[in-house]
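Visitor: For reference, the sequence and a predicted model appear below.
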Amino acid sequence: MDAVVIRGRQDVVVGQVDVPPCAPGQVRLRVGYVGICGSDLHYYFDGANGAFVVTEPLVPGHELAGWVDVDPSGTWPSGTPVTVHPARFGHCLPAIAQAPHLWPGGSYLGSASTTPHTQGAMADYLVVDAAMVRVLPDTLPVRRATLAEPLAVALHGAGRAGDLQGARVLVCGAGPIGLLAVVAARARGAAVVDVSDLLPEALDRAVALGADRTWRAGSDDVPVEAYDVVLECSGAAAAVNTALGAVRRRGVVVQIGMLPNEPRPINLAPVVAKEVTLTGAFRFLDEMEEAIALLDAQPGVESVITHEFAPSNAEAAFETARDSASSAKVIVAMASAREAGE
């Protein structure tokens, strides 16, 4: 089968690998579409994602949708449309028993955090544990369902803020996760959802998804103490400072964007002076089902997908995904998607 393989920094090939066997308790999928995430960009452009270095060939990709190929249990017939929860949870810690996504020792599809690496979805076939499979409603196109994983991340971040019913929300960063955070905040009942970003093209996409007002970072003055909740989705130190200034007294800032694992110049004085709650959001827990339902109910969310490439154009796909002015979510259409004509 064909697979996109990252061999190191800016070294990607489409190679032939064996079709993976399927053991009891597992399901083999025909992969339709795979989204390119920020971690995939780091693996390609840097040869590493933070401390996780590519030391052997890595198939990237953890945002996917496709169809069941083989289910040894007989639960799902061949052709059943599905997406996947890409995590295998680690060892339970009693203090966080209800948060398995934070347990140590787990793994994530398409990650160099383990050795051997956990191979990802950018291949014609993928074998996953049956517990990772999420069946799609017949009314949800497989292509749109590729957004289920990043939308679950956005929903988890929104949930970390608490009750958003009637809240004034600012989203910092209008990349794919920020755009989906607009959808998530609105779905959770926010009365106002504004967005800030450096790029006017990204802000235009946010407006198309329902943002009320936009602020161009670096030229517009974001209102001070104007928001109940800020969802920071960029991972940029300047945006964190903006978030802490924009949130009201005793408001909540949720850090969803991944920050570099190194010191950064962030002014934390507002956390004390305004008694701000600053909390993090890592991946997601069980929000996948809610994400699937939202994608089924809101076809317009598919506009977050701006570009589609074949595996043979993987280099161009990564380059496009890095260009935030021209793209939001970039996906790769595997052979099964092209054959299905979706």
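Guide: Here it is on my side, so go on.
Visitor: Not counting residues beside it along the chain, what's closest to P77?
Guide: With sequence-adjacent residues excluded and distances taken as C-beta to C-beta, 6 or more residues apart in numbering, P77 is closest to V68, at 6.9 Å. C-betas here are computed from N, CA, C, even on glycine.
Visitor: beta partners of that neighbour?
Guide: Assessed by DSSP bridges, V68 has beta-bridge partners L29.
Visitor: Contacts only, for it.
Guide: 27-30, 76-80, 82, 133 (C-beta atoms under 8 Å, 6 or more residues apart in numbering).
Visitor: how close does it sit to A23?
Guide: To A23, V68 is 15 Å away according to C-beta to C-beta, to the nearest Å.
Visitor: Distance of the residue nearest to P77 relative to A291?
Guide: From V68 across to A291, the span is 20 Å (C-beta to C-beta).
Visitor: next one: S219
Guide: Distance from S219 to A291, by C-beta to C-beta: 33 Å.
Visitor: ok, those two, which is more surrounded?
Guide: Legend: neighbour count by other C-beta atoms under 10 Å for S219 and A291, higher for A291 (28 against 8).
Visitor: Look up which helix or strand that one falls in, please.
Guide: helix 288-297 (DSSP states H and E).
Visitor: and the next element down the chain from that helix?
Guide: strand 305-309.
Visitor: Show me what that following strand packs onto, helices and strands only.
Guide: Here strand 305-309 touches helix 314-322, strand 329-333, going by 3 or more C-beta pairs under 8 Å, 6 or more residues apart in numbering; DSSP states H and E.
Visitor: which of the ones you listed sits most buried?
Guide: Comparing those by mean neighbour count (mean count of other C-beta atoms under 10 Å), strand 329-333 comes out on top with a mean of 25.
Visitor: ok, it: who's next to it in the sheet?
Guide: strand 26-35 (antiparallel), strand 305-309 (parallel).
Visitor: what does the last one rub up against?
Guide: Read it as strand 305-309. Residues outside strand 305-309 that contact it (C-beta under 8 Å, 6+ apart): 33, 35, 143-144, 146-147, 205, 316-317, 320-321, 326-333.
Visitor: just to revisit the earlier point, out of the helices and strands packed on strand 305-309, flag the one nearest V252.
Guide: Closest to V252 of those, according to C-beta to C-beta: strand 329-333, at 26.5 Å.
Visitor: Run the chain-centre distance for the closest one.
Guide: Averaging C-alpha positions (C-alpha atoms, centre = their mean, to the nearest Å) puts strand 329-333 13 Å from its chain's average.
Visitor: after it, next one along is what?
Guide: Next along from strand 329-333, by DSSP H and E: helix 335-340.
Visitor: got the buried residues for that next one?
Guide: For helix 335-340, the buried set under the neighbour-count rule, 16 or more other C-beta atoms under 10 Å, comprises 335-337, 340.
Visitor: what's in contact with that helix?
Guide: 2, 30-33, 66-67, 124, 142-143, 310.
Visitor: For A95, give its distance to Y108.
Guide: Separation of A95 from Y108 (C-beta to C-beta) stands at 22 Å.
Visitor: Ok, I177 next?
Guide: 16 Å.
Visitor: V182: what's it in contact with?
Guide: V182 touches 171, 193, 195, 206, 209-211, counting by C-beta under 8 Å, 6+ apart.
Visitor: Kindly report the same for P270.
Guide: Per C-beta under 8 Å, 6+ apart, neighbours of P270: 244-245, 247, 276.
Visitor: Most neighbours of all these, which one?
Guide: If you rank those by neighbour count (other C-beta under 10 Å), V247 sits at the top with 27 neighbours.
Visitor: low-confidence ranges in this protein?
Guide: Applying pLDDT under 70 to the chain flags residues 341-342.
Visitor: Okay, and the residue sitting nearest the centre point of it sits in which element?
Guide: When C-alpha atoms, centre = their mean is applied to the chain, the residue found nearest the centroid is P150 (2.8 Å). Taking DSSP H and E as the criterion, the element that holds P150 is helix 148-160.
Visitor: Check V5 too.
Guide: strand 2-8.
Visitor: And that strand, what's buried?
Guide: Buried residues in strand 2-8 (16+ other C-beta under 10 Å): 2-6, 8.
Visitor: from the chain's centre, how far out does it sit?
Guide: Counting by C-alpha atoms, centre = their mean, strand 2-8 comes out at 20 Å from the chain centroid.
Visitor: What are the contacting residues of it?
Guide: Residues contacting strand 2-8 (C-beta under 8 Å, 6+ apart): 12-17, 43-44, 47, 54, 57-61, 122-124, 311, 314, 332, 334-335.
Visitor: For stretch 41-56, which residues meet the burial criterion?
Guide: Neighbour-count burial for stretch 41-56 flags 41-44, 47, 49, 52-54 (criterion: 16+ other C-beta under 10 Å).
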